[in-house]
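Trainee: Predicted model and sequence follow; I will ask about them next.
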Amino acid sequence: MRAGKIAGVELILNNWFLILIAIFMAAGLVSKVLLIFSAVLWHESAHMLMAVGLGYRVKQVELLPFGAIARIDRLADAGAASEIMIAAAGPLASMGLAVLCYALGEGAGNWQEVLRFFTDINLMLAGFNLLPALPLDGGRILRALLSRRRDYRDATAIVVTISHITGGLLLAFAGVTFWLYNTLNLTMLIAAVFLFLTAQTENRLAGFRVMRILANKKAELTGSGIMPASHLTAMKTATIREIIRLFGSEEYYIVHVVDKDFKLCGALTETEIWEGLIKKGVKARISEFL
């Protein structure tokens with residue numbers, strides 16, 4: 001549901017977020033709903049400020065049950081370092097606010113209970129978002145770290161598997177709680193279902209990232225006539241799979257191919273490799289592309 005715009009950024013309330021809010025309101029906890037809403041906005045504002053500071057433009061923010069997703073131009077094509085910085089900003093901001101509220105809560109009189117609840121909410125937001133599951137911040141950080149060593153799609157698939165395991169553990173925890181205490185933890189159930197559904201979406205989107213990155217690079221190079229480049233050196237026997245996993249999103253790559261005596265056999269641009277990949281496949285040797 002669209003809830004308007006804040007500073008030109010469209011605000012959307014996710015259906016799962018609305019369900020969680022409705023549960024709190026049905027229980028007569030309207031004031032706590034407002035505190036949860038403000039905590040989520042604070043968390044997401046940190047993401048947006050970091051993204052803007054790194055030169056990205058924020059178009060839309062969708063509030064989720066335990067955080068939010070900021071839709072930022074070209075963020076999906078960002079390098080690992082940028083993705084880590086943007087993802088980590090939210091949990092750090094939530095933890096910082098929790099520490100401040102805890103410090104202010106001592107001797108706060110009538111406000112002590114409110115500050116204690118706000119502290120708990122921010123700690124929960126930070127802790128939950130640091131779980132290694134997509135689309136949570138922890139999952140994005142883990143995927144960015146893995147993508148430094150392997151293909152982005154492989155990294156996404158690994159984190160999606162971890163996301164499903166995490167969702168299963170949350171579901172099991174809710175079941176055990178119900179069995180032991182006869183109490184149904186709806187929040188935990190919503191979180192588990194949310195992770196199962198959204199993680200699979202991330203897996204489907206990952207396949208389009210490579211082509212988007214290449215298209216953006218070609219557009220930038222064509223438009224400006226120049227862009228940063230990196231050079232790689234590969235033996236003739238190296239496979240294309242081994243080479244493309246080293247390609248980053250923020251530089252254009254040129255691969256120098258050498259033989260066993262380290263004599264230069266030729267050079268290939270990133271575009272030539274991707275275009276040849278369609279015909280020859282990822283298991284082909286780089287020497288077949290010369």
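Mentor: That came in fine, so what should we check first? Residues are numbered from 1 along each chain as shown.

Trainee: Any regions of this protein where pLDDT drops low?
Mentor: 1-8, 16, 28-30, 63-78, 105, 107-110, 203-212, 249-250 (pLDDT under 70).

Trainee: Which residue ranges of it form helices?
Mentor: Secondary structure of the chain by DSSP state H: the helices cover 15-26, 30-53, 80-105, 112-129, 137-147, 152-181, 186-224, 240-244, 270-280.

Trainee: now these as JSON lines including mean neighbour count and distance to S230?
Mentor: Bear in mind the C-beta positions are built from the backbone N, C-alpha and C, glycine included. Listed next are the helices of the chain as JSON lines, based on neighbours: other C-beta atoms under 10 Å; distance: least, C-beta to C-beta, whole Å:
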{"stretch": "helix 15-26", "mean neighbour count": "15", "distance to S230": "41"}
{"stretch": "helix 30-53", "mean neighbour count": "18", "distance to S230": "24"}
{"stretch": "helix 80-105", "mean neighbour count": "19", "distance to S230": "14"}
{"stretch": "helix 112-129", "mean neighbour count": "19", "distance to S230": "32"}
{"stretch": "helix 137-147", "mean neighbour count": "23", "distance to S230": "16"}
{"stretch": "helix 152-181", "mean neighbour count": "17", "distance to S230": "17"}
{"stretch": "helix 186-224", "mean neighbour count": "16", "distance to S230": "12"}
{"stretch": "helix 240-244", "mean neighbour count": "18", "distance to S230": "12"}
{"stretch": "helix 270-280", "mean neighbour count": "15", "distance to S230": "9"}
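
Trainee: I12 bridge partners, please.
Mentor: On the basis of DSSP bridges, I12 is bridged to R2, E62.

Trainee: Could you check how far it is from V61?
Mentor: Computed as C-beta to C-beta, to the nearest Å, the I12 to V61 distance reads 7 Å.

Trainee: Show me which of the two is the more surrounded one.
Mentor: Under the neighbour definition other C-beta atoms under 10 Å, I12 and V61 were set side by side, and V61 has more, 23 against 17.

Trainee: and this structure, what are its domains?
Mentor: Segmentation of the chain into domains, based on automatic domain parsing, reads 1-130, 145-218, 228-289.

Trainee: Any idea which of the helices of the chain gets closest to V257?
Mentor: Relative to V257, the nearest member of those by C-beta to C-beta is helix 240-244, separated by 9.7 Å.

Trainee: Am I right that L20 is in contact with I190?
Mentor: Yes - counting by C-beta atoms under 8 Å, I190 is a contact partner of L20 at 6.1 Å.

Trainee: coming back round to it: so for V258, which of the helices of the chain sits nearest?
Mentor: Minimum separation from V258 across the helices of the chain (C-beta to C-beta) falls at helix 240-244, 13.0 Å.

Trainee: where's that closest one relative to the chain centroid, distance-wise?
Mentor: 24 Å (C-alpha atoms, centre = their mean, to the nearest Å).

Trainee: next one: stretch 89-107
Mentor: Put simply, stretch 89-107 sits 23 Å off its chain's centre (C-alpha atoms, centre = their mean).

Trainee: show me what contacts the residue nearest to the spatial centre of the chain?
Mentor: Residue closest to the mean C-alpha point of the chain, counted by C-alpha atoms, centre = their mean, is R140 at 3.3 Å. By C-beta atoms under 8 Å, 6 or more residues apart in numbering, R140 lies in contact with 83-84, 87, 134.

Trainee: how close does it sit to Y56?
Mentor: Distance from R140 to Y56, counting by C-beta to C-beta: 14 Å.

Trainee: Equivalent analysis for F117, please.
Mentor: Distance, F117 to Y56, using C-beta to C-beta: 33 Å.

Trainee: Let me know the distance separating the nearest residue to M50 once chain neighbours are set aside from M95.
Mentor: Excluding the flanking residues, the one nearest M50 by C-beta to C-beta, 6 or more residues apart in numbering is A89, at 3.9 Å. Using C-beta to C-beta, A89 is found at 11 Å from M95.
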